[in-house]
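Undergrad: give me a 3D structure for the following:
(chains A and B, ligands or ions: 3)
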Amino acid sequence: MGTNVSLEDKFQSYVDAEKKVEPKNWMPEKYRRTLIRQISQHAHSEIIGMQPEANWITRAPSLRAKLILLAKVQDEAGHGLYLYSSAETLGEPRDKMIADLQSGKAKYSSIFNYPTPSWADMGTIGWLVDGAAIQNQVMLTRTSYGPYARAMVKICKEESFHQRQGYEVVMKLTQGTPEQIEMAQESLNRWWWPSLMMFGPSDDNSPNSEQSMLWKIKRKSNDTLRQEFVDKTVPQAEYLGLTIPDKDLVWNESRGHYDFGDINWDEFYQVVKGNGPCNKERIAHHVKAHEDGAWVREAANAFAEKQAKRKNKEASAA
Amino acid sequence: MSTTNWKLWEVFLRSKNGLSHKHVGSLHAPDSNMAIKNARDVYTRRSEGISIWVVPSEEITASSPDEKEALFTPSDDKVYRHPTFYDIPDDVQHM
Ligand SMILES: [Fe+2]
Ligand SMILES: [Fe+2]
Ligand SMILES: [Fe+2]
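TA: Ligands and ions are numbered 1, 2, ... in the order given. Predicted coordinates:
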C-alpha cells in the first residue's frame, strides 16, 4: 500500500507538470480503465454515428451533396479506427470493444439514437452535432494520454470540414422557399436539445468528472463546454434567421454569456438506458453489418494464407 | 487463421520526400499487403503521405521506461557534446 501511494503521487505530479503519459509508462489502474471506457465509447460514437447520415447517401439532392456526405461518413469510420487503435495501446483488445458495444455493455453518444427523417438533418447534424463534438475534441487534443491526444489532433483537423459542410446545407435551405426554411427550422427544433445533452450531465451530477480533471484527461467541465457551445452557436443561428427552440435563451450582460433553459435530463437518461427512438435499430444494424461482412474477412484470410504459401514455396525453390 | 484476431500493424507515413517516415497509428489486417491498403484508406484520405510503412506491432522492441535513466542519463552529463559549451569570442566570425 505504501509504495502504491507513492507511485500514484509520482504519477500525479508527472501529469501536473503537463507531461504526456505514453503506453509503457506506469499509470494507476483506474486511469487506464477510465481511458479505455472513454476512448472506446468515443470510438463507438464515431462508428454508430455513421448510421443516421448514411440514411441519406442514396437520396442526397445532388451529386455534389452526395460526394460530400460520402466523404463525411467515411471520415467518421476513420475516426472510429484511430480511436480504437489508441484504446488498444492500453491493452484492450479490439474484439472485446466490439463485443461490448454489441451487447450493450459499452455506451456511445446518445445523440445517435435520434432518427434523421429529413434532408435538413444532414445539415443540422454537421452544424450542431459535429460542432458540439469539436468543442469537446479540441479540449481533448490536450488530454494527458499521448495516443488519445494525437488521435484527437488528427480528428479535429477533419471535423472542421464536417461542421462547415453542415452549416452550408442549412444555409442553402434558409435561402430557399418557405418550405425549405421550414425544413431547416423543424430540424433545428428536434436537434437543439439533444445537442446540448451531448456534453453529458451537469457538473453537480457528474461524479467522475473531478478525477478526470485531476488526471487532466478532461480539462473543462461539462457545463463549461456546454456554455461555450451555446455562446458560439446562437449567433450562427441568428445569421441563418432561425429560432433556437428555447424561450429562456437570453444574453446575460453581467455574465457575458447566454442564459438558457433547463435540459430535460429525464429524456437524456432514458436514451442512455436504451429507450431512445433508435437504440435497438442502431445496434441491430451494427450486428448485421458485422455479420454480413464475415465473408469478406474470410476471403481476406484465405487470400493472405495463399499469398504466404506462395512466398514460402518461392523461397524454398530459390 | 481466425477471422477476428487479425494481426496489429503499426503505420508510418512519409509526408513528402526529404522527410522521415513518422508513426501515425495502427490497424488490423490479415497480411502486409492488405495492411498497406487499409492504411491508405484510414490514414491518407487527404494526401497526408506519399509512402507508407507497415510493421507488425509484435516485431517492435521498445526500450522500457523503467530503464530510462540507465539508458539516457549517461548523455545528460556530456554537455561538451553541444556547441554552446565552448566560449568563442564574438570577434571570431563564421563559427
Ligand atoms: Fe468524427
Ligand atoms: Fe467525433
Ligand atoms: Fe464529424
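Undergrad: assign residue A:302 to helix, strand or coil.
TA: helix (DSSP: H, G, I helix; E, B strand; the rest coil).
Undergrad: quick check: it vs residue A:239, distance?
TA: 55 Å (C-beta to C-beta, to the nearest Å). Heads up, the C-betas are built off the backbone N, CA and C, glycines and all.
Undergrad: can you pull out the strands in chain A?
TA: A:250-252, A:257-259 (DSSP state E).
Undergrad: which residues in chain A form helices?
TA: A:2-16, A:29-48, A:50-54, A:63-88, A:94-103, A:120-124, A:130-140, A:146-174, A:178-197, A:209-214, A:222-240, A:265-270, A:279-292, A:294-317 (DSSP state H).
Undergrad: which strands or helices does the longest one pack on?
TA: Using 3 or more C-beta pairs under 8 Å, 6 or more residues apart in numbering or on different chains; DSSP states H and E as the contact definition, the elements that helix A:146-174 packs against are helix A:63-88, helix A:120-124, helix A:130-140, helix A:178-197, helix A:222-240, strand B:22-29.
Undergrad: next, the buried residues of that helix.
TA: By neighbour count on 16 or more other C-beta atoms under 10 Å in any protein chain shown, the buried set for helix A:146-174 is A:146-152, A:154-155, A:158-159, A:161-163, A:165-167, A:169-171, A:173-174.
Undergrad: what mean pLDDT does it get?
TA: Per-residue pLDDT over helix A:146-174 has a mean of 96.
Undergrad: check stretch B:52-62 too.
TA: 95.
Undergrad: how far does it sit from its chain's centre?
TA: How far stretch B:52-62 lies from its chain's middle: 10 Å, per C-alpha atoms, centre = their mean, to the nearest Å.
Undergrad: quick revisit: residue B:55 is nearest to which of the helices of chain A?
TA: helix A:63-88 (13.9 Å; C-beta to C-beta).
Undergrad: packing partners for that closest one?
TA: Using 3+ C-beta pairs under 8 Å, 6+ apart, helix A:63-88 is in contact with helix A:29-48, helix A:50-54, helix A:94-103, helix A:146-174, strand B:22-29, helix B:32-43.
Undergrad: is ligand 3 contacted by that helix?
TA: No - using C-beta under 5 Å from the ion, helix A:63-88 stays clear of ligand 3, coming no nearer than 5.6 Å.
Undergrad: measure how that helix sits relative to helix A:94-103, angle-wise.
TA: 120 degrees (axes from the mean of the first three to the mean of the last three C-alpha atoms, to 10 degrees).
Undergrad: correct me if wrong: residue A:226 contacts residue A:196.
TA: Yes - using C-beta atoms under 8 Å, residue A:226 is in contact with residue A:196, at 5.9 Å.
Undergrad: out of these two, which sits in the busier spot?
TA: A side-by-side neighbour count of residue A:226 and residue A:196, using other C-beta atoms under 10 Å in any protein chain shown, places residue A:226 first with 24 against 20.
Undergrad: quick check: closest non-adjacent residue to the more buried one.
TA: residue A:199 (4.2 Å; C-beta to C-beta, 6 or more residues apart in numbering or on different chains).
Undergrad: contacts for the helix or strand of chain B with the lowest mean pLDDT, please.
TA: The helix or strand of chain B with the poorest confidence is helix B:68-76; it has a mean of 78 (mean pLDDT, DSSP states H and E). Residues outside helix B:68-76 that contact it (C-beta atoms under 8 Å, 6 or more residues apart in numbering or on different chains): B:63, B:81.
Undergrad: quick one: closest of the helices of chain A to residue B:44.
TA: helix A:63-88 (10.0 Å).
Undergrad: in that closest one, what counts as buried?
TA: Quick answer for helix A:63-88 (16+ other C-beta under 10 Å): A:65, A:68-69, A:72-73, A:75-76, A:78-88.
Undergrad: fine by me, thanks again.
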